[in-house]
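> sequence and predicted structure, then a few things I'm wondering about:
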Amino acid sequence: GSPTLQPRLSGHELQLGAGAHDIFARLQREVAAEAKRGGEPNLLSDHDSQLGAGAHHIFARLQREVDAEAKHGGEPNLLRMLSVLARMSLAERVRSAEMYRAWAQAEASRRSLSSPDGKPRPPPAARTLAKLGAPLEAQHASTSRAQVLGKLFHVMWAGTPEVRAEAVCAALAFSQDNIENQAALVQGGGVGVLVRLAKEATTTVEVHSTIAQIFGTLAKSSSAYAAAIVEEGGVVALVSLIQDTSSVSCGYSLFALTHLASCSNDNKHVLEQAGAIPALVNLLQQGRNELHGYVAGLLYTLVDGITQNQATLVASGGVPALLALAAAGPRDASERAARALAVLALNSAEARDSIAREGGVRVLARLVHDRECRYAAATLRQLPAPALSALSPTSSAMVSTV
């Protein structure tokens, strides 16, 4: 594969000196001419000896993306962006390189997703770099995190659908594993922009998935960022996304909601008011099997210590759905289901009646016997004695001791 670009330019910016500008200009003309003839421009063929190791590294990294632009009929503007970099100061080039790194990291996420017609999307990083290059050339002296984010927020809201998708992917890469960038995104109003975009009827599944990833990243990183998502209405947007049980955005939204619920009891109430609990029960019944354990884990978090949420889960048909998962799910998922049932049985007479009525004694007793599941045993110990009368002496003893 191609070499990996480091978080900083690692000396590359020093090798893109003023002399490279003439090479870039000449290469631009040659690439444009080759594109018009239908050929594949080769950035490295005739100019290797004139370029330092750092510039060679960058060209090798981006060769495939320039080729893709030429094949699609566009005139590659990547070299114009590189010529702008050559005229910037060291600090300005470092900031611009960080922007490119964000797009390059997001490329893997974009390639794993498809457009609505199922066809892979062409890599857009070079095209996006060119679009960002123009404002950088005019304003490079004052480029900052806030300005970079401002440009991203603008194209998220005002750009074409394709550009919106690219900008949201960049925001994801910008915020991952970088506390300062996360703070800048939240403080700059990015959460509100993303929530509004998530609620737009024309927003694609790809963009929804990326927005959910950003919210999950922020909520996991800081309870303050989670509060910002809640305040901007992000919970409603995420709950709407888990209702499309077959979509890739459903899983990312589930994880984001899990991180939000883990932050505070107040957030648990917000999720319940937004309709998360019936949506999660539906996801248990109809969603992808690999998500069921995570759904049960989130349901446990939501009902733990929250009486209203316990009542909502019982009323939404949560008991039979959790029992079905406990009976047929893999070990981890079935134990998470039993844990949620244990909370319900401890606090709700209606839940205890439902567990007995839905055949829960047999299901839970089997978990105790086969797996020594302590959550299943704790649930059974809360049920009235008549409901346990059918247990064998061995099972009864295990329920008392596990």
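Good, I have the coordinates. If you're wondering where the values come from, they're calculated on a predicted model, not measured in any experiment. Numbers count the residues shown, from 1 in each chain.
> test my guess that Phe174 contacts Leu152.
Yes. Using Cβ atoms under 8 Å, Phe174 is in contact with Leu152, at 7.5 Å. (Glycine included, C-beta is placed from N, CA and C.)
> number of nearby residues for the residue nearest to Val319 when sequence neighbours are not counted?
Excluding the flanking residues, the one nearest Val319 by Cβ to Cβ, 6 or more residues apart in numbering is Ser354, at 4.1 Å. Neighbourhood size, Ser354 [other Cβ atoms under 10 Å]: 20.
> low-scoring stretches of the stretch 1-150 of the chain, by residue?
1-144 (pLDDT under 70).
> assign Ala338 to helix, strand or coil.
What DSSP: H, G, I helix; E, B strand; the rest coil gives for Ala338 is helix.
> the helix or strand containing Thr312 - contacts with which helices or strands?
For Thr312, the element it lies in under DSSP states H and E is helix 307-315. Contacts defined by 3 or more Cβ pairs under 8 Å, 6 or more residues apart in numbering; DSSP states H and E place helix 307-315 against helix 265-273, helix 276-286, helix 292-303, helix 331-347, helix 349-357.
> residues contacting the residue nearest to Val319?
For Ser354, the contact set (Cβ atoms under 8 Å, 6 or more residues apart in numbering) comprises 314, 319-320, 360.
> switch these over to JSON lines; also include secondary structure.
Below are those laid out as JSON lines (three-state DSSP):
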{"residue": "Val314", "secondary structure": "helix"}
{"residue": "Val319", "secondary structure": "helix"}
{"residue": "Pro320", "secondary structure": "helix"}
{"residue": "Gly360", "secondary structure": "helix"}
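> what's the closest of the residues you listed to Glu206?
Of all the contacts of Ser354, Glu206 sits closest to Pro320, with 34.9 Å by Cβ to Cβ.
> the closest one against Glu358, yeah?
Yes. The criterion here is Cβ under 8 Å, and Pro320 meets it with Glu358 at 4.8 Å.
> before we move on, what SS does Thr245 have?
Under three-state DSSP, Thr245 comes out as coil.
> now it: closest residue in space that isn't a chain neighbour?
Using Cβ to Cβ, 6+ apart, the nearest residue to Thr245 is Gly287, at 4.1 Å.
> pretty sure that neighbour contacts Gln243?
No. The criterion here is Cβ under 8 Å, and Gly287 misses it with Gln243 at 10.0 Å.
> on that earlier part again, I'd like the helices and strands packed on helix 307-315 as TSV, with mean pLDDT appended.
Below are those laid out as TSV (pLDDT from 0 to 100):
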stretch	mean pLDDT
helix 265-273	98
helix 276-286	96
helix 292-303	97
helix 331-347	96
helix 349-357	96
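> any chance of a markdown table for those, columns distance to Thr202?
As requested, the helices and strands packed on helix 307-315 are exported to a markdown table (distance: least, Cβ to Cβ, whole Å):
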| stretch | distance to Thr202 |
| --- | --- |
| helix 265-273 | 26 |
| helix 276-286 | 22 |
| helix 292-303 | 28 |
| helix 331-347 | 36 |
| helix 349-357 | 42 |
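> among the ones you listed, which comes closest to Thr160?
Comparing the helices and strands packed on helix 307-315 by Cβ to Cβ, helix 276-286 comes nearest, at 31.4 Å.
> now for the closest one, which elements pack on it?
By 3+ Cβ pairs under 8 Å, 6+ apart, helix 276-286 packs against helix 234-242, helix 248-263, helix 292-303, helix 307-315, helix 318-328.
> export the ones you listed to JSON lines and tack on distance to Ala376 and mean neighbour count?
Below are the helices and strands packed on helix 276-286 laid out as JSON lines (distance: least, Cβ to Cβ, whole Å; neighbours: other Cβ atoms under 10 Å):
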{"stretch": "helix 234-242", "distance to Ala376": "27", "mean neighbour count": "24"}
{"stretch": "helix 248-263", "distance to Ala376": "23", "mean neighbour count": "23"}
{"stretch": "helix 292-303", "distance to Ala376": "13", "mean neighbour count": "25"}
{"stretch": "helix 307-315", "distance to Ala376": "18", "mean neighbour count": "19"}
{"stretch": "helix 318-328", "distance to Ala376": "7", "mean neighbour count": "23"}
